[in-house]
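Asks: Structure of the sequence below:
(one chain, ligands or ions: 1)
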Amino acid sequence: MKSDPNLSPTTTPYNIRLNNEQPKPTTKYKTTKSWNPFVGCGFDCTYCKPSFGALLKWVGGMQHCPRCQQYLPHEHPERLSRIPSDKAIFVCEDGDISFAKLDYMAKVFQAISDPKFAGRTWFVQSKNPKCLEQYLGLIPRNTYLVTTLETNRDQGYGEISKAPLPSARFKDFSHLDWKKKIVTVEPVMDFDLEVLRDWIVSISPAAVFIGYNSKPDKVSIPEPDKMKLLCLIDELEKRGIRVLTKEMRDCKFVKKAYRDFIE
Ligand code: SF4
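Replies: I've put the predicted structure just below:
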């Protein structure tokens, strides 16, 4: 593997990762579902179109919703009362709620705040974590707030996505007064090891989900090599951060799969 000047000299990922332990499939936990009373996003991430966008096009076609097919931000109020019975639910996963109206999201959070759902785990994610601030008084405590930090590098990021730059996202997510946070480093883009590590450690998330772009044949993004990614995982774990992996392209490096967070 290539050497990288960003690697810490004390990092020895092979010590912990080279084993024959096979991971569980990197799928969601079987009782984890999406619930999408709001759908759509305008951040246009290049890596979203071949995965999420394609899926939504298909689902939108099945449900005869042209706005779902085009991934335009829109509401599905008829879903407000149809919350799946699963124990862990990604709320509005098919989009980004920073494009939703405040009064509509108030109804969404009111729906999941029903005491009968107290035993559930909710996940609410945005690539614009600043928008979560206005909802903190409405979101039930059994909710993990999630944001993506695929990289720490702002330079060139505008060619990948219209979402707030990684440094702004980090700052806004850090400032959120909320105990349960998760960071996703997915799809991982090339990063500066010590900077990204320190950002994540300072957020002190309950977990970090890490994975490569799952559609490298369809979209290309600047990526770290495997050794650098393993160093990041190692550095985070050494500091007590729980890391769960998704697409790693080489299973023997993986110990904990994404879905293990719920188990
Ligand atoms: S922010 Fe999320 S939902 Fe929006 S385009 Fe990017 S990956 Fe897709």
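Asks: So the spatially most central residue of the chain: helix, strand or coil?
Replies: The chain has Thr184 as the residue nearest its centroid, 3.9 Å off, counting by CA atoms, centre = their mean. Secondary structure, DSSP: H, G, I helix; E, B strand; the rest coil: Thr184 is strand.
Asks: Verify the stated contact: it with Thr147.
Replies: Yes: assessed by CB atoms under 8 Å, Thr184 is found in contact with Thr147 at 7.4 Å. Placement of C-beta: from N, CA and C, glycine included.
Asks: check contacts around the residue nearest to the centre of the chain.
Replies: Residues counted as contacts of Thr184 (CB atoms under 8 Å, 6 or more residues apart in numbering) are 125, 146-150, 208-210.
Asks: Let me see the confidence value for it.
Replies: Looking at Thr184, its pLDDT reads 97.
Asks: That one and Leu145, how far apart?
Replies: Using CB to CB, to the nearest Å, Thr184 is found at 12 Å from Leu145.
Asks: Overlap in contacts, the two.
Replies: Common neighbours of Thr184 and Leu145 (criterion: CB under 8 Å, 6+ apart): Gln125.
Asks: So Asp198 belongs to a strand, correct?
Replies: No: counting by three-state DSSP, Asp198 falls outside a strand, being helix.
Asks: how many other residues sit next to it?
Replies: 15 (other CB atoms under 10 Å).
Asks: measure it to Lys33 for me?
Replies: 34 Å.
Asks: Next: Lys130.
Replies: 27 Å.
Asks: in stretch 168-183, what counts as buried?
Replies: 169-170, 172-173, 176, 178, 180-183 (16 or more other CB atoms under 10 Å).
Asks: Against which helices or strands is whichever helix or strand Asp103 is part of packed?
Replies: Here Asp103 sits within helix 102-112, counting by DSSP states H and E. Applying 3 or more CB pairs under 8 Å, 6 or more residues apart in numbering; DSSP states H and E, one finds that helix 102-112 contacts strand 38-39, strand 88-91.
Asks: how many neighbours does the closest residue to Glu159 other than its chain neighbours have?
Replies: Nearest residue to Glu159 in three dimensions, chain neighbours excluded: Thr46, at 7.7 Å (CB to CB, 6 or more residues apart in numbering). By other CB under 10 Å, 15 other residues sit near Thr46.
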